[in-house]
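In: heads up, no residue letters with this:
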């Protein structure tokens, strides 16, 4: 399975907004494989984890979050 880039969860027109649903920025080919629940759950988790990182580190923008910081995170 290929990874989903963190940048595809951030709308270009807004600041401090993450898209944790099927409306993220991908091609129509990638969109076909994202329709499953088993793919949507990690996307929601990634958005929540990024928001936690943003708040705990006092970042002004979600674009400042280290996208690799949650690579070894475990579900709790």
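Out: Happy to help now that I have it. Only a predicted model underlies this, so the values are computations on that prediction, with no experimental measurement involved. Numbers count the residues shown, from 1 in each chain.

In: only C-alpha atoms for contact and neighbour calcs from this point on.
Out: Will do.

In: For the lowest-mean-pLDDT helix or strand in the chain, list every residue counted as buried.
Out: The weakest-scoring helix or strand in the chain, judged by mean pLDDT, DSSP states H and E, is helix 28-33 (a mean of 74). Judged by neighbour count (16 or more other CA atoms under 10 Å), helix 28-33 contains no buried residues.

In: Helix or strand next in line after it, which one?
Out: Using DSSP states H and E, the helix or strand that follows helix 28-33 towards the C-terminus is helix 37-56.

In: Now do the buried residues in stretch 47-61.
Out: Those would be 47, 49-51, 53-54, for stretch 47-61 by 16+ other CA under 10 Å.

In: and of the residues you listed, the nearest to residue 26?
Out: Of all these, residue 47 has the smallest distance to residue 26: 16.1 Å, by CA to CA.

In: Let me see the contact set for the closest one.
Out: 9, 18-20 (CA atoms under 8 Å, 6 or more residues apart in numbering).

In: Likewise for residue 7?
Out: Contacts of residue 7 by CA under 8 Å, 6+ apart are residue 63.

In: Tell me the confidence at it?
Out: For residue 7, the pLDDT comes out at 81.

In: Look up how far residue 48 lies from it.
Out: 15 Å (CA to CA, to the nearest Å).
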